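# no sequence on hand, only this structure:
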């Protein structure tokens, strides 16, 4: 109303009135654009913000907790090759995050954490801040020179001189992987300031190579077809899980775990370690039999009803888990 009366002033020329109107319009447009940009920046920050921490549980499982907003009100927990969306919950001490149905929780206090997931409890003695990055890895290594001549991975079209812990490279396969990059406390003079550890293999694609001018054939990589990585099975009424190069057997009493690796089509299982709970005689026998059998297994194959581990003329028949 004041602007309207101001513009009706007969002592003001038409040119002056038009100029004032144009200035008002420009200021209004500037304000609208600034507000829009501020809102867009807030949305962008929310979508791209990530602060990640890696950890290893006391029984050897690796995982990552990633905060997805600056207020740290939401987070993604990755453990045993599964992601869980969590929201901050009220707690008397530390910081606690829970899934919507409260079946999964991550409770951090004094730089330690307790995780409850799928009925199991994990203790995390320490958390390490990390940057999660994506790497595209070429199917062939290239000659390079570090301290001495060597072969390097080709990562994102550049030579990569470091080691990626937990990553098994196979010639002839292109990979897309997620890696946790952490800073070393006191790196040696001839070493990188960073350490790299595999989070997960997002894809592994055998390359196609020319055999003549008109024919393309796919390179055969048996390793990818015979690894139990990322699977879970029923074994004698217990659950056997393979994740991130480790196996875990749970009959309902002790957790039995160890490492496994693949060498082409051959599986190699490390000696298992176990918690020390008191169990029934029946469960003790199952755990002892499993511990003696697992290190003899050398092959894995899926069947119509489940899967089969075999080796040294012994077999372990695995069934599909009930949903």
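It's in. Not measured: the values here are computed from a predicted model. Residues are numbered from 1 along each chain as shown.
# low-confidence ranges, the stretch 1-150 of the chain, go.
1-14, 17, 30-49, 81 (pLDDT under 70).
# again, 50 this time
Applying pLDDT under 50 to the stretch 1-150 of the chain flags residues 1, 39-47.
# what about the strands in it?
With DSSP state E, counting those that start in this stretch as the criterion, the stretch 1-150 of the chain has strands at 51-56, 62-67, 74-79, 82-89, 95-98, 105-109, 112-117, 120-124, 128-137, 142-145, 149-155.
# what's the most buried one of those strands?
Between the strands of the stretch 1-150 of the chain, strand 62-67 has the highest mean count of neighbours, a mean of 22, where neighbours are mean count of other CB atoms under 10 Å. Quick note: C-beta positions are derived from backbone N, CA and C, even for glycine.
# which residues touch that strand?
49-57, 74-80, 97, 106, 108, 113, 115, 124, 127, 130, 132, 166, 180, 197, 199, 244, 246 (CB atoms under 8 Å, 6 or more residues apart in numbering).
# re earlier: would you turn the strands of the stretch 1-150 of the chain into CSV with distance to residue 289?
Output for the strands of the stretch 1-150 of the chain, formatted as CSV (distance: least, CB to CB, whole Å):
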stretch, distance to residue 289
strand 51-56, 28
strand 62-67, 28
strand 74-79, 28
strand 82-89, 28
strand 95-98, 37
strand 105-109, 34
strand 112-117, 27
strand 120-124, 22
strand 128-137, 37
strand 142-145, 48
strand 149-155, 41
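# quick one: which of those strands is nearest residue 302?
strand 82-89 (19.9 Å; CB to CB).
# could you say what helices and strands that closest one packs with?
When contacts are defined as 3 or more CB pairs under 8 Å, 6 or more residues apart in numbering; DSSP states H and E, strand 82-89 sits against strand 74-79, strand 95-98, strand 105-109.
# any chance of the ones you listed in TSV, with distance to residue 141 too?
Putting the helices and strands packed on strand 82-89 into TSV (distance: least, CB to CB, whole Å) gives the following:
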stretch	distance to residue 141
strand 74-79	28
strand 95-98	40
strand 105-109	38
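# which of those strands sits closest to residue 29?
strand 74-79 (35.3 Å).
# and that closest one with strand 105-109, angle?
Interaxial angle, strand 74-79 versus strand 105-109 (axes from the mean of the first three to the mean of the last three CA atoms, to 10 degrees): 100 degrees.
# and the contacts of strand 74-79?
Contacts to strand 74-79, defined as CB under 8 Å, 6+ apart, come from residues 57, 61-68, 83-88, 97, 104, 106, 115, 117, 122, 199-200.
# on that earlier part again, closest one to residue 252 among the strands of the stretch 1-150 of the chain?
Among the strands of the stretch 1-150 of the chain, strand 120-124 comes nearest to residue 252, with 11.0 Å by CB to CB.
# between strand 51-56 and the closest one, find me the angle.
Using the same axes, to 10 degrees: strand 120-124 against strand 51-56 is 100 degrees.
# so in that sheet, which strands flank strand 120-124, and in what orientation?
If you go by DSSP bridges, strand 120-124 pairs up with strand 112-117 (antiparallel).
# can you list the residues that contact the strand it pairs with?
Strand 112-117 is contacted by residues 55, 57, 63, 65, 77, 79-80, 82, 84, 103-107, 121-127 when judged by CB under 8 Å, 6+ apart.
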